[in-house]
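Asks: how does the following fold in three dimensions:
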Amino acid sequence: MSRRMGVSLLAGASLAALMLSAAGARAQQRVAAADTSSGATAVEEVVVTAQRKREAAQTVPIAISAFSAKSLQVQKIEGGPDLLKAIPNVSFTKTNFSGYNLTIRGIGTQAISAATDPGVSVNFNGTALIRNRLFEQEFLDVERVEVLRGPQGTLYGRNATAGAVNVISAKPTGIFEGELKGEVGTYGDRRVSGFLNLPVIGDKLDVRVAGSWTKRDGFSFNSITGDAIDGRDLYTFRTTVGFKPNDRIKAYFVWEHFNEDDNRTRSTKQLCTHDPGLSSIGGLTITDPVARAFTSQGCQNATLYSQDAYGTPNGLSIPFLLGGSLAGQLGFAPGRHGPLVTLINPIDPYGNLMQSPSLREIASQFDPVYRARSDVLEFNADWQIADHLTLTSQTAYNQDHYFSQEDYNRFNTVPGIFNDSQGLKSILGGVPAPNITPGGVYCDPQLGCSSSIVGLDQSSANSRQWSQEFRLSSSFDGPLNFSVGGNYLYYKTLENYYVFFNVLSALAQARGIGNYSADLTHCNSPLTGQQVTVTPTSNFGCIYIDPNPLDKINTLGHNYYVNINPYRVSSTAGFGEVYYKLTPKVKFTAGFRYTDDNKTLTPIPTQVLLSSFTGGTTDGGFPVQPDLKLHWGAVTGRFGVDWTPDLSFTSQTLIYAFYNRGYKGGGQNPPGIGYATEGPGGGPPLIIPTAFPPTFQPEYVNAFEVGAKNTLLGGRLVLNGDAFFYDYKGYQVSQIESNTAINENFNAHIWGAELESVFNATRHLRFNATFGYQGSRLADGSKSIDVMDRTQGNPDYIVFKPNPLAPNNCVVSAAYVAYEIEQSRASGQGDQSRFPSICPGTFLSITPPPPFDPAQVFPNGGVGFFADLSGHELPNQPHTTVSFGADYTLDLPAGWNATLHGDIYHQASSWARVYQDPIDRLNAWTNINLSLVVARPASGLQVEVYVKNLLNSSPITGAFINSDNTALTTNVFTLDPRIIGGILTKRF
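Replies: The predicted structure is shown next:
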């Protein structure tokens with residue numbers, strides 16, 4: 001989209017908002033007399049603090065959706081994921097590493113790194129929380145929720161390039177009151193919540209306590225264990241102390257504690273369209289399954305919506321399985337000239353089985369484990385230092401911990417992957433071979449004993465945040481007012497991610513890669529030829545295997561993958577915003593902010609299956625590299641004008657036009673693999689990894705927006721509209737390469753328009769509706785390597801499997817592979833005999849002989865061809881979102897009333913990644929909810945029955961593609977199923 005088109009859209013949408021308002025002029029005249037008879041009331045006015053001061057939402061020149069406690073209840077918005085149903089151009093999905101992606105106008109958090117900042121600033125009582133549970137726990141005793149769309153470059157500052165969410169908890173009211181609520185529902189759902197407000201010293205000191213507890217069975221089913229999974233067992237409690245010693249000072253202290261201990265899943269289902277590998281190369285027929293596995297990605301680049309997507313990967317193509325079937329050795333079979341027996345039986349460990357076609361059923365040897373807890377402490381105070389000047393202090397501390405385990409693959413496996421080591425002769429001669437896999441069963445120190453492949457991943461983090469902000473704001477009667485301030489934030493976290501596979505531990509014990517010992521602590525040293533004891537600090541060229549069980553690992557083993565990320569950030573900012581009334585109806589706003597970010601990440605490279613002999617830097621443990629320190633300083637702000645004209649056809653109108661400048665910091669990519677820079681004895685390195693940049697750049701956005709907010713029909717109709725155009729620089733997007741997340745930056749244009757409306761048709765009938773349209777376009781020249789399509793459809797090249805110690809697939813010319821097959825056949829060897837040496841970058845790699853040119857044989861060093869992303873759309877950005885809701889209230893005898901509510905939400909299709917491959921397509925989906933509330937306000941009694949997700953739909957809301965060396969499977973995420981429940985509430 002050109003800049004001229006963006007400007008045209010802005011102008012057209014601003015006119016459209018006024019035309020829609022004008023369309024109500026004659027309607028307002030027709031219903032003027034009917035208003036009195038119908039008894040219809042004005043739409044509820046929600047007071048917000050979007051500009052850090054209390055204002056009616058309709059008077060704020062920002063695209064904002066605000067929900068009072070009442071509207072949250074009526075629309076069944078119970079937590080963060082439900083917000084998308086009531087806000088235009090918003091999408092939400094869970095993500096792979098215990099997180100979520102809230103996207104506003106196409107901007108969210110697509111990067112993966114401990115140093116990644118969120119694109120949407122999530123605030124609790126006005127304080128931004130980098131790590132938060134606001135989108136996992138239900139809203140508890142809130143006064144309101146505000147969602148600001150568009151960059152908030154001045155008052156919310158850093159990390160608000162998409163917008164901001166502000167959850168305002170209910171504060172003490174000065175009167176004795178309370179509420180108790182009990183809820184039951186399907187899936188064994190049980191919830192209890194409530195609050196109690198206690199005046200302590202007149203109007204000087206008040207205490208409000210609130211709490212909730214939720215327990216339910218899982219929404220999904222594990223067919224192997226027979227258990228329901230993805231359940232909930234969590235609670236929250238909050239204490240708020242209000243202090244008002246005099247008319248000029250008002251302060252609140254808030255402590256909120258959250259705890260969860262259940263089997264919540266990070267991702268329930270893993271999808272894959274099986275890739276059998278090539279049956280011919282360069283005209284040569286390939287029949288051997290091992291040879292074909294070298295040309296298989298594991299999973300095809302195919303749609304997630306076909307029956308084939310519920311297949312399993314070609315597990316034999318996984319490098320550590322493929323390599324283990326060739327290089328991992330157990331010993332010689334009995335007899336004078338018994339053949340060599342390898343560790344891995346060259347079969348597909350997943351058996352090309354099909355999965356259940358339900359997104360809510362998995363086949364896992366482990367039930368998920370999920371634990372989380374957090375504490376948020378806030379002290380906010382307002383001091384009116386003069387009649388028209390208020391000094392505000394906001395102090396906050398947050399401590400957060402989470403721990404999650406689940407099966408890595410979540411589909412069934414077949415037995416027989418390990419060959420039997422009993423009775424074999426040692427490769428070293430003279431003695432029996434180490435009995436590593438007796439009876440074809442391997443006993444992994446972390447995962448237990450099995451004859452099948454077993455995998456598990458674990459994600460955990462511990463974080464702390466402290467922040468302080470001071471603001472001075474004015475409320476003069478004259479034309480000029482201001483808000484100035486400064487803040488400081490310090491955040492520290494340690495994020496760890498582990499992947500365990502029993503095959504990795506077995507390879508660490510077998511000959512060829514590992515220690516060749518049945519004892520986890522012993523090794524036949526390849527450097528000395530002697531039997532030695534292996535420790536985390538030894539240097540015998542042996543792989544240290546962590547002997548401890550899963551719950552007591554020492555984090556030093558090279559028999560599993562671990563990515564350790566110590567990270568901290570300190571950020572200081574100064575800001576100011578000036579409001580000047582040019583006329584009583586026209587106001588000019590100018591805001592500036594300077595943010596200074598300092599980020600430090602300690603790189604700790606991974607060392608899975610590496611030792612000082614096999615290309616690593618150590619036998620055990622993970623050497624710490626020097627801190628990687630980054631610094632950015634950025635100026636942001638906003639400029640604009642708003643106008644409140646007196647129009648004959650509206651009760652109130654606000655028209656605004658603004659320019660906003662936003663910024664989000666860059667960061668450090670997670671560390672990659674710690675290969676040694678030289679081989680044993682000072683020779684050339686055994687592995688030469690693909691080089692990726694250690695850092696990624698910040699994001700900047702120049703945003704232009706126009707809008708109109710209108711109140712019509714005597715306050716019964718609210719109709720708001722806006723249009724926007726973004727010039728976005730450096731949008732951060734991640735994918736898994738080299739066993740880690742690589743974050744890239746892309747430039748893009750984004751545009752769209754939004755409508756929101758609430759209409760009280762009569763005293764009994766209320767409607768609400770939203771509509772969002774948005775589009776985006778990556779800049780010309782945007783490019784990236786697509787791990788699902790490294791050849792970019794070039795028929796002269798094929799994807800090929802690397803050495804088991806190398807992480808990525810490589811791309812090689814088909815003609816060269818055919819040449820190597822012919823050479824193998826000519827020497828009487830199997831087709832695959834030279835395959836481990838084909839991919840570049842390892843000590844086994846061979847240089848293609850003339851007439852082959854290595855630069856042509858291996859495009860871009862073997863990583864493949866760049867995908868041209870020019871004109872592609874941003875991920876998780878549906879073109880349209882539409883919602884519609886209706887409430888009808890019927891008066892009943894004895895002071896009772898009944899309200900029937902229904903709402904429908906529709907989200908158009910979108911893409912999961914920037915590449916727009918078949919596998920990236922996310923289909924459109926619709927969600928319908930119903931509820932019936934019967935209440936007697938005078939008694940404080942209310943009974944509600946509801947149905948959420950009436951159609952029991954299971955749309956794929958997001959997708960995450962795993963690494964090359966685990967077959968490029970796709971983790972998918974979906975909504976909660978249909979839930980039927982009832983709630984009994986008593987207020988007093």
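Asks: quick check: the gap between the spatially closest residue to Gly715 that is not a sequence neighbour and Arg716.
Replies: Once flanking residues are discounted, Gly715 sits nearest to Ala42: 3.0 Å by CB to CB, 6 or more residues apart in numbering. To be clear about C-beta, it is placed using only N, CA and C from the backbone, and glycine gets the same treatment. Distance, Ala42 to Arg716, using CB to CB, to the nearest Å: 6 Å.
Asks: overlap of the contact sets of those two?
Replies: Common neighbours of Ala42 and Arg716, using CB atoms under 8 Å, 6 or more residues apart in numbering, are Asn760.
Asks: now for the protein, the helix or strand with the poorest mean pLDDT.
Replies: None of the helices or strands of the chain scores lower by mean pLDDT, DSSP states H and E than helix 3-38, at a mean of 42.
Asks: confirm that the residue nearest to Gly715 sits in a helix.
Replies: No - assignment of Ala42 by DSSP: H, G, I helix; E, B strand; the rest coil gives coil, placing it outside any helix.
Asks: touching, it and Leu717? I think so.
Replies: No - contact criterion CB atoms under 8 Å: Ala42 and Leu717 do not qualify, at 9.4 Å.
Asks: compare these two (neighbour count), which wins?
Replies: It is Leu717, of Ala42 and Leu717, that has more neighbours when counted by other CB atoms under 10 Å, with 25 against 14.
Asks: ok, that one - contacts?
Replies: By CB under 8 Å, 6+ apart, the contact set of Leu717 is Gly24, Val43, Thr711, Ser757, Val758, Phe759, Asn760.
Asks: do the same with Gly541
Replies: By CB under 8 Å, 6+ apart, Gly541 lies in contact with Ser525, Pro526, Leu527, Ser611, Ser612, Phe613, Thr614, Asp619, Pro680.
Asks: what's opposite Tyr731 in the beta bridge?
Replies: Note on Tyr731: beta-bridge partners by DSSP bridges are Phe746.
Asks: got it, and Val165?
Replies: Val122, Val147.
Asks: try Thr770
Replies: Beta-bridge partners recorded for Thr770 (DSSP bridges): Glu756, Ser883.
Asks: show me what the nearest residue to Thr392 once chain neighbours are set aside bridges to in the sheet.
Replies: Of all residues not flanking Thr392 in the chain, Arg471 sits nearest, at 4.4 Å (CB to CB, 6+ apart). Going by DSSP bridges, Arg471 is paired in beta bridges with Thr392, Gly485.
Asks: before we move on, what about Tyr594?
Replies: Gly574, Val635.
Asks: what sits against it?
Replies: By CB under 8 Å, 6+ apart, Tyr594 lies in contact with Ala573, Gly574, Phe575, Gly633, Ala634, Val635.
Asks: how far away is the second one from Phe639?
Replies: I take that to be Gly574. Applying CB to CB to Gly574 and Phe639 gives a distance of 18 Å.
Asks: neighbours of the residue nearest to Thr392, how many?
Replies: Using other CB under 10 Å, Arg471 has 22 other residues around it.
Asks: confidence score at it?
Replies: Arg471 carries a pLDDT value of 97.
Asks: can you name the residues that contact it?
Replies: The contact partners of Arg471, taken as CB under 8 Å, 6+ apart, are Arg52, Leu391, Thr392, Gln394, Ser483, Val484, Gly485.
Asks: one more: Gly106?
Replies: Residues near Gly106 by CB under 8 Å, 6+ apart: Asn89, Ile750, Gly752, Gln774, Ser776, Leu874, Asn876, Gln877.
Asks: from these, which land in strands?
Replies: Among the contacts of Gly106, the ones falling in strands (DSSP state E) are Ile750, Gly752, Gln774, Ser776.
Asks: go ahead and confirm the second one touches Gly721.
Replies: Just to be clear, that refers to Gly752. No - checked against CB under 8 Å, the pair Gly752 and Gly721 is beyond contact range at 11.5 Å.
Asks: would you map the helices across this protein?
Replies: Assigned helices in the chain, in chain order: 3-38, 69-74, 289-293, 319-324, 502-509, 814-826, 854-857 (criterion: DSSP state H).
Asks: for the second one, buried residues please.
Replies: To tie it back to what came earlier, the one meant is helix 69-74. For helix 69-74, a neighbour-count test (16 or more other CB atoms under 10 Å) marks Ser71, Leu72, Gln73, Val74 as buried.
Asks: show me where this protein dips below the pLDDT cut-off.
Replies: Scanning the chain for pLDDT under 70 picks out the ranges 1-39, 157.
Asks: contact partners for the closest residue to Pro415 other than its chain neighbours?
Replies: Once flanking residues are discounted, Pro415 sits nearest to Ser451: 4.2 Å by CB to CB, 6+ apart. Counting by CB under 8 Å, 6+ apart, Ser451 makes contact with Pro415, Gly416, Ile417, Phe418, Gly439, Gly440, Val441, Tyr442.
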